[in-house]
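got a predicted model here, sequence first, then my questions.
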Amino acid sequence: MSLQLKTPATNAYSRILGTGSFRPDVVVTNDDICQWIDSSDEWIRQRTGIITRHRADANTSVLDMAEAASRRALEDAGITAEQLDTVIVATVTFPHATPSAASALTERLGATPAPAYDISAACAGYCYAVAQADALVRAGLAQHVLVVGVEKLSDYIDNSERTISFLLGDGAGAVVIGASEVPGISPSVWGSDGSKWNAISMTHSQLALRESVLGSENELLESAVDEPLEEHANPWPTLRQDGQTVFRWAVWEMAKMARKALHEAGIEAEDLAAFIPHQANMRIIDEMVKQLKLPESVVVARDIAENGNTSAASIPMAMDRMRREHPEVSGKLALQIGFGAGLVFGAQVVLLP
């Protein structure tokens, strides 16, 4: 007689039960930015749509922001931290390679011994985490999963660098995902394009990059480094990007992925109540709206105007704000899509709480 392994009872569906966010108090204007780069408020607004961005002070950490957003999401979902089965944190700015931000956050919240781990997928990290939380709940491995997107990008900015520094802000957004009697998260559309691996990068210097574990002969690294070493003497890693490459990829390829996500969800654009894209650039958002042919009835998140680009935090922060400012979208469908360094992308249609 052969033994049969026991498997967990599965859940048919999952959905977002609650949202929360945290925005730091320090507001950085375009005029403030122009102290460091040769630009103007008008140019930044026209090129990016950004008016201000929030940045954390020296005493506010990644964990502080994640905890604040998480507690608000738990309260909104109507559950306690003890009911969490898994904690997933999407971030690229936690200053420790190991241990994870998620394990420390779990202890702060009182969710121990819930499994906890981080995801490093940059601006797509939140959507990657939602895909995993959805799978965990439907597989019966968890009943409540906390997903947090959090970044303190200001720690990795060279203020004089012109390709990306003026875009970036700090913050945290969180959602609680749990079992549902109705479909609340569509099949995820996610993937990567490593041929553009070096389009957005966080590096120490030319020397540090060439001596990294990937090796100095690696073609991606060689193509990523074309500036003299003396121009990048800062030993702390800083962000930079090839703006034109990222813009073209985001506008054309991500519109295709968004349409694919709608197809996987079995709906049309007119069935949406909201569109919540990664807050990378207002021009990218506006172009995607045009390509998707979204009707005017769809509420579009444009949180970037006040908060800048917050990478993995941008979608959950924008979702939480939209729910408060547009209560009419509650209980309705939203398309969310994240895309960024890697280059990586992820998208789902979700039922808003």
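Structure received. Numbers count the residues shown, from 1 in each chain.

which residues of the stretch 251-353 of the chain fall in helices?
254-265, 282-292, 304-307, 314-325 (DSSP state H, counting those that start in this stretch).

out of those helices, flag the one nearest residue 331.
Of all the helices of the stretch 251-353 of the chain, helix 314-325 sits nearest to residue 331, with 10.2 Å by CB to CB. (Each C-beta comes from the backbone N, C-alpha and C, glycine too.)

so how far is the closest one off the chain centroid?
12 Å (CA atoms, centre = their mean, to the nearest Å).

list the contacts of it.
19-21, 23, 69, 72-73, 123, 126-127, 147-149, 171-175, 274, 276-280, 299, 301, 303-304, 307, 310, 329-330, 334, 336, 338, 352-353 (CB atoms under 8 Å, 6 or more residues apart in numbering).

point out the most buried one among the helices of the stretch 251-353 of the chain.
For these, the largest average neighbour count (mean count of other CB atoms under 10 Å) is found in helix 314-325, namely a mean of 24.

tell me the mean pLDDT over that one?
Confidence for helix 314-325, expressed as mean pLDDT, is 98.

now stretch 167-178
97.

one more: stretch 64-77?
Stretch 64-77 comes out at a mean pLDDT of 98.

what average pLDDT does stretch 291-309 get?
96.

quick check: residue 30 touching residue 50?
Yes: shown here, residue 30 and residue 50 form a contact pair, counting by CB atoms under 8 Å, at 7.0 Å.

just the buried members of the contacts of helix 314-325?
Neighbour-count burial (16 or more other CB atoms under 10 Å) is assigned, among the contacts of helix 314-325, to 19-21, 23, 69, 72-73, 123, 126-127, 147-149, 171-175, 274, 276-280, 299, 301, 303-304, 307, 310, 329, 334, 336, 338, 352-353.

could you point out the longest helix of the protein?
helix 62-77 (DSSP state H).

contacts for it, please.
Here helix 62-77 has contacts from 17-22, 24, 56, 80-81, 84, 89, 91, 93-95, 101, 104-105, 108-109, 144, 146, 148, 150-152, 170-176, 178, 313, 316-317, 320, 353, using CB under 8 Å, 6+ apart.

which is the next helix or strand following it?
Past helix 62-77, further along toward the C-terminus, the next helix or strand under DSSP states H and E is strand 86-90.

quick revisit: higher neighbour count, residue 30 and residue 50?
The neighbour comparison of residue 30 against residue 50 (other CB atoms under 10 Å) goes to residue 50, with 26 against 19.

pretty sure that one contacts residue 308?
Yes: counting by CB under 8 Å, residue 308 is a contact partner of residue 50 at 5.5 Å.

quick one: residues contacting residue 129.
88, 89, 90, 119, 147, 148, 149.

typed the wrong thing, it's residue 178
14, 15, 17, 77, 79, 137, 143, 144, 145.

want to throw these into a markdown table with distance to residue 269, secondary structure and neighbour count?
Shown next, in a markdown table, are the contacts of residue 178 (distance: CB to CB, whole Å; DSSP: H, G, I helix; E, B strand; the rest coil; neighbours: other CB atoms under 10 Å):
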| residue | distance to residue 269 | secondary structure | neighbour count |
| --- | --- | --- | --- |
| 14 | 24 | strand | 27 |
| 15 | 21 | strand | 21 |
| 17 | 26 | strand | 21 |
| 77 | 29 | helix | 23 |
| 79 | 33 | coil | 18 |
| 137 | 27 | helix | 27 |
| 143 | 33 | coil | 17 |
| 144 | 31 | strand | 27 |
| 145 | 29 | strand | 27 |
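
redo those residues as JSON lines? Include distance to residue 60.
Formatted as JSON lines, the contacts of residue 178 follow (distance: CB to CB, whole Å):
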{"residue": "14", "distance to residue 60": "32"}
{"residue": "15", "distance to residue 60": "31"}
{"residue": "17", "distance to residue 60": "27"}
{"residue": "77", "distance to residue 60": "24"}
{"residue": "79", "distance to residue 60": "26"}
{"residue": "137", "distance to residue 60": "31"}
{"residue": "143", "distance to residue 60": "32"}
{"residue": "144", "distance to residue 60": "27"}
{"residue": "145", "distance to residue 60": "25"}
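
just the closest of the residues you listed to residue 188, please.
Using CB to CB, these come closest to residue 188 at residue 14, 11.5 Å.

now, the buried ones among the contacts of helix 314-325 that are in strands?
19-21, 147-149, 171-175, 274, 276-277, 299, 334, 336, 338 (DSSP state E).

helices and strands of the protein: which one has the lowest mean pLDDT?
helix 206-210 (a mean of 39; mean pLDDT, DSSP states H and E).

show me what the residue nearest to residue 124 when sequence neighbours are not counted is bridged to.
Once flanking residues are discounted, residue 124 sits nearest to residue 338: 3.9 Å by CB to CB, 6 or more residues apart in numbering. Residue 338 has the following beta-bridge partners by DSSP bridges: residue 346.

quick one, what contacts residue 338?
Residue 338 neighbours (CB under 8 Å, 6+ apart): 121, 123-128, 277-278, 312, 314-315, 345-347.

contacts only, for residue 154.
Counting by CB under 8 Å, 6+ apart, residue 154 has contacts 55, 56, 168, 169, 170.

mind checking how far it is from residue 282?
Applying CB to CB, to the nearest Å, the value for residue 154 to residue 282 is 20 Å.

so which residue is dead centre in the protein?
When CA atoms, centre = their mean is applied to the chain, the residue found nearest the centroid is residue 312 (2.0 Å).
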